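> Can you look at this prediction? I've put the sequence above it.
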Amino acid sequence: MFKKSFLYFLLLMIAIVAAACSDDSETTADGNGEEENAEQVLKIANDQEPAGLDPHKTPAHSSVRVYSKVYEGLVTFDENMEIKGQLAKDWEQPDDSTYIFNLVEGVKFHNGREMTAEDVLYSFERIMDEETASHISSYFSDVENIEVMGDYKIKFELAAPNATFLSNLTNSSAAIVPKEVVEENGDLQQVAVGTGPFVFEEWVPDSSVTLSKNEDYYIEDVPKLDRVEYYTMKEEAARLSAIRTGEIDMTTLTAKSTELLEGEDEVNIMGYQSLEYSYIGFNVAKEPFNNKKVRQALSLATDRQNIADIVWDGEAIVSGPIAPAMGNWSIDVEQEELYQRDLEKAKELLAEAGYPDGFSTEITTASTYADMVDTAQLLQQQWKEIGVDAEIKQIEWGEYIDTWSNTSADILVGRNGSGTDPDRAMNYFFHTDGSANVWNFSNSEYDKIVEEGKRTVNQEKRKEIYVEAQEKLLNLSPNLFLVSPKNYVAVRDSVKGFTPYAHNAEDIEQVYKK
């Protein structure tokens, strides 16, 4: 009896071990050490709610970080900032003003329909249509004709050679969208149907946005994640707590907060010099800011290094309209006269402008960005030394975006990106007809300079032109350019394959969790 019981027990144990081994063989690690059946979910904490999802209408970074995962354009940048094909597999240039793109075949929108050259035509006609009011319409003002040459071939004809055309196509807002989705919804602010690696699933206002893996994506083994969940956490303290506990996997943070995560064994801090700069924008159509001397006086009263040290904990460099991260496209602004703090000269200019005793004004800023609020408070203190009494008005993000686009503030604190070509920094924001010139700024001499820069193909000559443009713009001062910050991303150890670049700090196509 004992022998039979022992034999039965032995056979039972063998069966259990065999079953366990069999289960392991079905769920063991793939090439990344992950269990095949384990869902790959990346949780990201954002500091701001999206302002809308229409790529042709919404420039806010809080929106771009989401819709850039859903939509794609004809071309993009690689990690070395070299232009490569995206929805266009290649292109040819028969002459200096003609581009013919051959599209990748078999690409499907997330609604299951194949993307063709007709969709490219529709998307750019929508961008260039005045009724769309696209923030990138001026990027393509030189496009005279777009011709569909077949299901997978399309030709762009420009009015003149344009050195910026291809780089402008890399912009996240130059996205290819399906006509039927636009027509069904009126716009794309609440929906997103692209060709990209992730599919828009849900947006819960003031809470989260969820994207899922595009199972029909035309690039093999991309993406590696099954789902991306963006959580809106406006308070940095909340984001820091969440990254510590593992509630989230990734978040941006300020230089000051990096010290608070020192010693966290399971959190990595990744830093990079950004292409962004902080600025003060003036509505130059309103008194007293329609007077160049007033704007120059405020520049002379501004201590930019003080802003870098206090607002950004020293992790920022004084900047002009082209951020120093763009290399030798950027001039050394610290050598410029208006960057030398000179309170006596500032007072003289105010007196010459008719304001010997200064004036009162209001600085508008976004309440949800601490760096903008802190910048406004420092400027309030600095400008008081020349008799300018500034009140600070803090508004919520949605109202801030409207205020920016409608030029409804006299002074606005903000942040811009220099882009990947100096044309964006100089033309897009400050040409009379620039899509993002919300300052009512217009100067014919300046316009001619940046127009020449766009037309000039020779790189060395272009650099000379943009040096002249920067010096001209600093003198006219429609904006006061302040500092370019170093950006930081906190990432859990379990996140692999992530590297932030200045021109693409949120690329997650190759990211996986281990």
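Thanks, I have it. Numbers count the residues shown, from 1 in each chain.
> ok now stretch 137-155, how far from the chain's centre?
25 Å (Cα atoms, centre = their mean, to the nearest Å).
> Give the buried residues for it.
Neighbour counts over stretch 137-155 (16 or more other Cβ atoms under 10 Å) mark 137-143, 146, 148, 152-155 as buried. Heads up, the C-betas are built off the backbone N, CA and C, glycines and all.
> In JSON lines, list the residues you listed along with pLDDT and distance to residue 67.
Shown next, in JSON lines, are these (pLDDT from 0 to 100; distance: Cβ to Cβ, whole Å):
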{"residue": "137", "pLDDT": "96", "distance to residue 67": "18"}
{"residue": "138", "pLDDT": "93", "distance to residue 67": "20"}
{"residue": "139", "pLDDT": "93", "distance to residue 67": "17"}
{"residue": "140", "pLDDT": "96", "distance to residue 67": "19"}
{"residue": "141", "pLDDT": "93", "distance to residue 67": "23"}
{"residue": "142", "pLDDT": "94", "distance to residue 67": "25"}
{"residue": "143", "pLDDT": "98", "distance to residue 67": "23"}
{"residue": "146", "pLDDT": "98", "distance to residue 67": "23"}
{"residue": "148", "pLDDT": "98", "distance to residue 67": "25"}
{"residue": "152", "pLDDT": "98", "distance to residue 67": "24"}
{"residue": "153", "pLDDT": "98", "distance to residue 67": "26"}
{"residue": "154", "pLDDT": "98", "distance to residue 67": "22"}
{"residue": "155", "pLDDT": "98", "distance to residue 67": "27"}
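> out of those, what pair is the most spread apart?
For the buried residues of stretch 137-155, the farthest-apart pair by Cβ to Cβ is 138 and 152; their separation is 28.5 Å.
> got a pLDDT number for the spatially most central residue of the chain?
For the chain, residue 61 is the residue whose C-alpha lies nearest the centre (Cα atoms, centre = their mean; 4.5 Å). pLDDT, residue 61: 90.
> I'd like the distance between it and residue 140.
Taking Cβ to Cβ, to the nearest Å as the measure, residue 61 falls 22 Å from residue 140.
> mean confidence score for the helix or strand hosting residue 379?
Secondary structure from DSSP states H and E places residue 379 in helix 370-384. Here helix 370-384 scores 97 as its mean pLDDT.
> For it, buried residues please.
Of the residues in helix 370-384, those with enough neighbours to count as buried (16+ other Cβ under 10 Å) are 370-380, 382-383.
> Reformat those residues as JSON lines; add distance to residue 310.
As requested, the buried residues of helix 370-384 are exported to JSON lines (distance: Cβ to Cβ, whole Å):
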{"residue": "370", "distance to residue 310": "12"}
{"residue": "371", "distance to residue 310": "10"}
{"residue": "372", "distance to residue 310": "13"}
{"residue": "373", "distance to residue 310": "12"}
{"residue": "374", "distance to residue 310": "7"}
{"residue": "375", "distance to residue 310": "9"}
{"residue": "376", "distance to residue 310": "12"}
{"residue": "377", "distance to residue 310": "9"}
{"residue": "378", "distance to residue 310": "6"}
{"residue": "379", "distance to residue 310": "11"}
{"residue": "380", "distance to residue 310": "13"}
{"residue": "382", "distance to residue 310": "11"}
{"residue": "383", "distance to residue 310": "15"}
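> Could you tell me which ranges of the protein sit under the pLDDT cut-off?
Counting by pLDDT under 70, the ranges of the chain that qualify are 1-37.
> now residue 182: how far from residue 173?
Residue 182 is 15 Å from residue 173, by Cβ to Cβ.
> who does the helix holding residue 379 touch, helix- and strand-wise?
Helices and strands touching helix 370-384, by 3 or more Cβ pairs under 8 Å, 6 or more residues apart in numbering; DSSP states H and E, are strand 276-282, helix 304-311, strand 359-366, strand 388-395, strand 411-417.
> so what does the first one touch, helix or strand wise?
What it means is strand 276-282. Applying 3+ Cβ pairs under 8 Å, 6+ apart, one finds that strand 276-282 contacts helix 370-384, strand 411-417, strand 479-481, strand 483-492.
> residues making contact with the shortest one?
Residues outside strand 479-481 that contact it (Cβ atoms under 8 Å, 6 or more residues apart in numbering) are 277-282, 295, 298-299, 302, 319-321, 333, 429-430, 439, 474.
> In the stretch 51-200 of the chain, what residue spans correspond to strands?
Taking DSSP state E, counting those that start in this stretch, the strands of the stretch 51-200 of the chain run over residues 75-77, 83-85, 88-95, 98-103, 143-150, 153-158, 198-204.
> what's the offset of the first one from the middle of its chain?
In other words, strand 75-77. Distance of strand 75-77 from the chain centroid (Cα atoms, centre = their mean) equals 15 Å.
> With the fourth one instead?
Computed by Cα atoms, centre = their mean, the separation of strand 98-103 from the middle of its chain amounts to 26 Å.
> again with stretch 239-249
On the basis of Cα atoms, centre = their mean, stretch 239-249 sits 23 Å off its chain's mean C-alpha point.
> Please save the CA atoms from that stretch in CSV.
C-alpha atoms of stretch 239-249 as CSV (Å, rounded to 0.1, in the frame of the first residue of the first chain):
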residue,chain,number,x,y,z
ARG,A,239,4.3,63.6,-11.3
LEU,A,240,7.3,63.2,-9.1
SER,A,241,5.4,61.0,-6.7
ALA,A,242,3.9,58.9,-9.5
ILE,A,243,7.3,58.3,-11.1
ARG,A,244,8.8,57.3,-7.7
THR,A,245,6.1,54.7,-7.0
GLY,A,246,5.9,53.3,-10.5
GLU,A,247,2.4,54.6,-11.1
ILE,A,248,3.8,56.1,-14.3
ASP,A,249,6.8,55.1,-16.4
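> Just the buried residues of that stretch, please?
Buried residues in stretch 239-249, counted by 16+ other Cβ under 10 Å: 239, 240, 242, 243, 244, 248, 249.
> and what of stretch 400-413?
400, 401, 403, 404, 405, 407, 409, 410, 411, 412, 413.
> can you check stretch 91-102 too?
Across stretch 91-102, burial judged by 16+ other Cβ under 10 Å covers 91, 97, 99, 100, 101, 102.
> chain center to that stretch: distance?
28 Å.
> hmm, who's touching that stretch?
For stretch 91-102, with Cβ under 8 Å, 6+ apart as the criterion, the contacting residues are 74-75, 85, 88-90, 120, 149, 152-162, 165-166, 457.
> Show me which of those are buried.
Buried subset of the contacts of stretch 91-102 (neighbour count, 16+ other Cβ under 10 Å): 74-75, 88, 120, 152-158, 162, 165.
> Between the two ends of stretch 284-304, how far is it?
End-to-end span of stretch 284-304 (Cα to Cα, to the nearest Å): 22 Å.
> correction: stretch 80-94
Start-to-end span of stretch 80-94 (Cα to Cα) is 26 Å.
> And what about residue 465, helix, strand or coil?
In three-state terms, and counting by DSSP: H, G, I helix; E, B strand; the rest coil, residue 465 is helix.
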